[in-house]
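quick one, structure for this:
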Amino acid sequence: MRTTLIIIESLTFLALAGIHFHWVFGGKFGFDAAVPTNDEGKKMLNPGKKDSVIVGLGLLMFGLFFLVKGGLIDLYLPAWINHYGGFVISAIFFLRAMGDFNYVGFFKKPRATTFSKLDSQFFSPLCLLLALIGLFLSI
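Purely as a prediction, here's the structure:
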C-alpha cells in the first residue's frame, strides 16, 4: 500500500508539473479556469511564464522527492531534507487547501465563479489529499 501511495503522490505532482510546463510553452489547457477571479470575473492573479516555471519546477521536485523517499529512485538527499521534506510539502498543500480566506481554498468567499466551483470540487480537495498522503508517507 505504501508503494502505491508513493506512486500516486509522485505521479500527481509530476502531472501537475506537466500542466504548468504546458502553460510555459504557450498551451492554454485549463489556464483560465486555474486562475482565481472575483465575483465580477476579474482575475486576482496574473501569472506569467516565469511563475509557471517556478511552480512547475517545485511540483517536479516534490514528485521526485517522494520517489526518492520511497526508495523508487536512488538519489542521495541530505538527511534533513529526507527527514523534513515531506512535512514541509504536506504543510504547503494543507495551507493551499485551507486557502487565503478570500479567493482560494475551502474558506474562500466567491462561490459562483468558474474557478471557485472547480476549487471547491477538485483543487482544494486534491491539495488536502496530497497533504494527507504526504504526511502519512513522512511518518
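
wait, G63 touches G18, no?
No. Under the criterion of CB atoms under 8 Å, G63 is not in contact with G18, lying 9.8 Å apart. For the C-beta atoms, the positions are set from N, CA and C on the backbone; glycine is no exception.

in terms of neighbours, single out the busier of these two.
Shown here are G63 and G18; by other CB atoms under 10 Å, G63 has more neighbours (21 against 14).

how distant is the helix or strand where the more buried one lies from the center of its chain?
Element membership of G63, judged by DSSP states H and E, is helix 49-69. The gap between where helix 49-69 is centred and where its chain is centred comes out at 9 Å by CA atoms, centre = their mean, to the nearest Å.

mean confidence score for it?
The predicted model assigns helix 49-69 a mean pLDDT of 97.

can you pull the buried residues of that helix?
52, 55-56, 58-60, 62-69 (16 or more other CB atoms under 10 Å).

try stretch 70-77
Within stretch 70-77, the residues that count as buried by 16+ other CB under 10 Å are G70.
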